[in-house]
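In: Okay, predicted coordinates and the sequence, questions at the end:
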Amino acid sequence: MDNLLELSNIDLLIDKRHILHQVSLQLAAGEILTIIGPNGAGKTTLVRIALGLLQPTSGHVKRLSGLRIGYMPQRLHLDPTFPIKVKRFLSMAGKHQSDTIESVLQEVGAPHVLESTMQSLSGGELQRVLLARVLMRDPDLLVLDEPVQGVDVHGQMELYQLITRIRNQHQCAVMMVSHDLHLVMAATDRVICLNQHICCSGTPEAVTNDPSYLELFGPQAVENLAIYTHDQSHRHDNTCDCCKGGKCAR
Amino acid sequence: MLDDFMIRALAGGFGVALISGPFGSFVVWRRLAYFGETLAHSAMLGIAFGFLLQINLTLGILATCQVLALLLFFSQRQRLLASDTLLGILSHASLSVGLVALAFMEDVRIDLVAYLFGDILAIGATDLAWIFGGGGLALTGLLWLWQPLLAITIHEDLARVEGVAVDRSNWFFLALMALIVAVMMKVVGLLLVVSLLIIPAATARRFAASPEIMAVLASMIGCLAVAGGIYGSYTWDTPAGPSVVVAASLLFVISLVLPKRTV
């Protein structure tokens, strides 16, 4: 069977600086691929190239023709003056039947926010609604950029379980970005460790034992990473939802 | 009992208020206030061109605003400078070049205040034709762009992945903005155009549950401000354009004390 997505020898230079160097990857149908790496490793850039939002300096991007992609961006900056409810936000994803919005929200475990405004959502609720929007498009491929950010560790685990469940139910492939390691390991088939170039790749077990992986993150960092990610989410959260995020991530 | 000039002023003012509601909403949502300001300031350059080439002034303003919108569209895509720096340069440069150019034309004597703050009481039949013709066109265009623009307002990349023609929509929107700025100039002047875009929209926000309701409410609040401003101007002999803006600002302040209820 054809790969849904193939990137070969991607190079990206900005101001003569290598952002990405000789990155190649393939994604098969139904597969969950996670890209991990430190901040500034080029993870989001790679995703943007895969989606066709950014042109690489050299290299080829091949997407299966007719591929339906559901994209979950890293951040959603809605101006507080923009009045929009979850229901309307989801209805803008494209074709749907009248009952789909409710059932999709049910599936991601956030049926209670249907009539809430987007700006009133907690970190965990927002991520679930974004996932729901992805599902509205009945995608073959989910592209998720840091799908668990703004959520506490317990909520993160639930979100990863949800993503796995979605993959099993919808038979779609998933490509996601994460800078967290421990939690994502259980939810992924294959890991690519990125730091401008691909350091190592393979099954989660293989990657965690790879010397270049240990070099990149260090044994101590690997130990502490779950806590580290949690702190990160607090720092990024400028909506004062950081405390609520914990409560709502049921 | 109403004089002809008053009827024309009200008609022109209502026309402009109707246009400014939906456009002003997008200006507020997408934080384009400074962009609108730049377009408005460049109108001074358009006035200078109008006199220089001896063409209709509104046409001169329209052409200059369109060129500026095009310039901004491409320079923003290049990401050479922070947008507000770029806007600041273009805004003040075009205003100043316009004024300097006018000073060089010795046989041209203009009423600067009328261009800066509007001259709603001097609105004529041609102006009304511009307001309703140009404004009607702009609103029709916006209606056509409505869904894609909402998607872009939410998240540009997301819209792109979902198949929205982002660049085309953005470009059309900027062109329409240039059109309405040229049209609104007559009523509130180039210094106050943006206030009529953002104040009614900001006032409507507290009472709107959806983008469409906010746009319509903003138009209605704009009409109220126009009526109040013209009435005040007539009663106390104050300048009409600023009076409209004062009325709009008062409505905004009043809205802050009203209980927040959305429709």
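Out: Nice, thanks for sending it over. Everything numeric in this text was worked out from a predicted model, so none of it was measured.
In: show me what contacts A:Lys87?
Out: A:101, A:114-115 (C-beta atoms under 8 Å, 6 or more residues apart in numbering or on different chains). All C-beta atoms are positioned from the backbone trio N, CA, C, and that covers glycine.
In: Do you know the pLDDT at the residue minimising distance to the centre of chain A?
Out: Nearest residue to the geometric centre of chain A (C-alpha atoms, centre = their mean): A:Leu144, 2.4 Å. A:Leu144 is assigned a pLDDT of 93 by the prediction.
In: Just to be sure, it is in a strand?
Out: Yes: applying DSSP: H, G, I helix; E, B strand; the rest coil, one finds A:Leu144 inside a strand.
In: That one - nearest residue in space that isn't next to it in sequence?
Out: Sequence neighbours aside, A:Met176 is the residue nearest to A:Leu144 in space, at 4.0 Å (criterion: C-beta to C-beta, 6 or more residues apart in numbering or on different chains).
In: returning to what we had before: check the spacing between the residue nearest to the centre of chain A and A:Leu4 real quick.
Out: Distance, A:Leu144 to A:Leu4, by C-beta to C-beta, to the nearest Å: 15 Å.
In: separation between A:Ser120 and A:Val129?
Out: Distance from A:Ser120 to A:Val129, by C-beta to C-beta: 11 Å.
In: For those two, indicate the residue with more neighbours.
Out: Taking neighbours as other C-beta atoms under 10 Å in any protein chain shown, A:Ser120 and A:Val129 compare with A:Val129 leading, 23 against 14.
In: May I have the helix or strand where the more buried one lies as CSV, with CA atoms only?
Out: Of the helices and strands defined by DSSP states H and E, A:Val129 is found in helix A:123-136. Below are the C-alpha coordinates for helix A:123-136, written out as CSV (Å, rounded to 0.1, in the frame of the first residue of the first chain):
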residue,chain,number,x,y,z
GLY,A,123,-6.7,24.3,28.3
GLY,A,124,-7.9,20.7,28.3
GLU,A,125,-11.3,21.6,26.8
LEU,A,126,-9.7,23.6,24.1
GLN,A,127,-7.5,20.7,23.0
ARG,A,128,-10.5,18.4,22.9
VAL,A,129,-12.5,20.9,20.9
LEU,A,130,-9.6,21.2,18.4
LEU,A,131,-9.5,17.4,18.1
ALA,A,132,-13.2,17.4,17.5
ARG,A,133,-12.7,19.9,14.7
VAL,A,134,-10.1,17.6,13.2
LEU,A,135,-12.6,14.7,13.3
MET,A,136,-15.4,16.8,11.7
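In: what's the offset of that helix from the middle of its chain?
Out: Counting by C-alpha atoms, centre = their mean, to the nearest Å, helix A:123-136 is centred 11 Å from the centre of its parent chain.
In: One more: stretch B:161-181?
Out: Its chain's C-alpha centre and that of stretch B:161-181 lie 16 Å apart, by C-alpha atoms, centre = their mean.
In: check whether that stretch contacts chain A.
Out: Yes: shown here: stretch B:161-181 in contact with chain A (C-beta under 8 Å from any C-beta of the partner chain) through B:161-162.
In: residue ranges of the strands in the chain, please?
Out: Just going to use chain A. Assigned by DSSP state E, the strands in chain A fall at A:5-14, A:17-27, A:32-36, A:58-63, A:69-72, A:141-145, A:173-178, A:190-195, A:197-202.
In: who in chain B is up against chain A?
Out: So chain B meets chain A at B:28-31, B:147, B:150-151, B:153-155, B:157-158, B:160-162, B:201-202, B:205, B:208-211, B:213-214, B:262 (C-beta under 8 Å from any C-beta).
In: Which of those fall in helices?
Out: Of the positions in the residues of chain B next to chain A, B:28-29, B:147, B:150-151, B:153-154, B:157-158, B:160-161, B:201-202, B:205, B:211, B:213-214 sit in helices, assigned by DSSP state H.
In: Now which of those would you call buried?
Out: Buried by 16 or more other C-beta atoms under 10 Å in any protein chain shown: B:28-29, B:150-151, B:153-154, B:157-158, B:160-161, B:201-202, B:205, B:211, B:213-214, out of these.
In: CA atoms only: put stretch B:194-209 into CSV for me.
Out: What follows is stretch B:194-209 as a C-alpha-only set of coordinates in CSV (Å, rounded to 0.1, in the frame of the first residue of the first chain):
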residue,chain,number,x,y,z
VAL,B,194,-10.9,54.3,12.0
SER,B,195,-12.9,55.5,15.0
LEU,B,196,-16.1,54.9,13.1
LEU,B,197,-14.9,51.4,12.2
ILE,B,198,-13.8,50.3,15.6
ILE,B,199,-15.9,52.1,18.2
PRO,B,200,-19.4,50.8,17.1
ALA,B,201,-17.9,47.3,16.7
ALA,B,202,-16.3,47.4,20.2
THR,B,203,-19.6,48.6,21.6
ALA,B,204,-21.5,45.8,19.9
ARG,B,205,-19.1,43.1,21.2
ARG,B,206,-20.7,42.9,24.7
PHE,B,207,-24.1,42.1,23.3
ALA,B,208,-23.2,39.7,20.4
ALA,B,209,-23.1,35.9,20.5
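In: quick one: low-confidence ranges for the chain?
Out: No chain was given, so I picked chain A. Applying pLDDT under 70 to chain A flags the ranges A:1, A:95-99, A:218-250.
In: oops, I was thinking of chain B
Out: For chain B, the ranges with pLDDT under 70 are B:1, B:79-82.
In: which residue is nearest the centroid of it?
Out: Compute the mean C-alpha point of chain B, and by C-alpha atoms, centre = their mean the closest residue is B:Val181, 4.1 Å away.
In: Please give the element, helix or strand, for it.
Out: helix B:166-188.
In: List the buried residues for that helix?
Out: Buried-residue list, helix B:166-188, by 16+ other C-beta under 10 Å: B:166, B:169-170, B:172-188.
In: can you check stretch B:193-213 too?
Out: So, applying 16+ other C-beta under 10 Å, buried residues of stretch B:193-213: B:193-209, B:211, B:213.
In: Likewise for stretch B:127-141?
Out: Buried residues in stretch B:127-141 (16+ other C-beta under 10 Å): B:127-128, B:130-132, B:134-135, B:138-139, B:141.
In: Looking at the stretch 101-250 of chain B, which residue is nearest chain A?
Out: B:Val161 (4.1 Å; C-beta to the nearest C-beta).
In: Distance of that residue relative to A:Thr81?
Out: 25 Å.
In: got the contact list for residue 138?
Out: In the absence of a named chain, chain A is used. A:68, A:170.
In: my bad, chain B
Out: B:19, B:23, B:176, B:179-180, B:183.
In: helix or strand for it, which one?
Out: helix B:125-154.
In: Enumerate the residues of chain A near chain B.
Out: For chain A, the residues in contact with chain B (C-beta under 8 Å from any C-beta) are A:48, A:51, A:53, A:69, A:71, A:73, A:76-79, A:81-85, A:88-89, A:92-94, A:137, A:143.
In: before we move on, back to that, export the buried residues of stretch B:127-141 to JSON lines and append columns for distance to B:Gly232.
Out: Output for the buried residues of stretch B:127-141, formatted as JSON lines (distance: C-beta to C-beta, whole Å):
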{"residue": "B:Asp127", "distance to B:Gly232": "21"}
{"residue": "B:Leu128", "distance to B:Gly232": "22"}
{"residue": "B:Trp130", "distance to B:Gly232": "25"}
{"residue": "B:Ile131", "distance to B:Gly232": "21"}
{"residue": "B:Phe132", "distance to B:Gly232": "24"}
{"residue": "B:Gly134", "distance to B:Gly232": "27"}
{"residue": "B:Gly135", "distance to B:Gly232": "24"}
{"residue": "B:Ala138", "distance to B:Gly232": "28"}
{"residue": "B:Leu139", "distance to B:Gly232": "27"}
{"residue": "B:Gly141", "distance to B:Gly232": "33"}
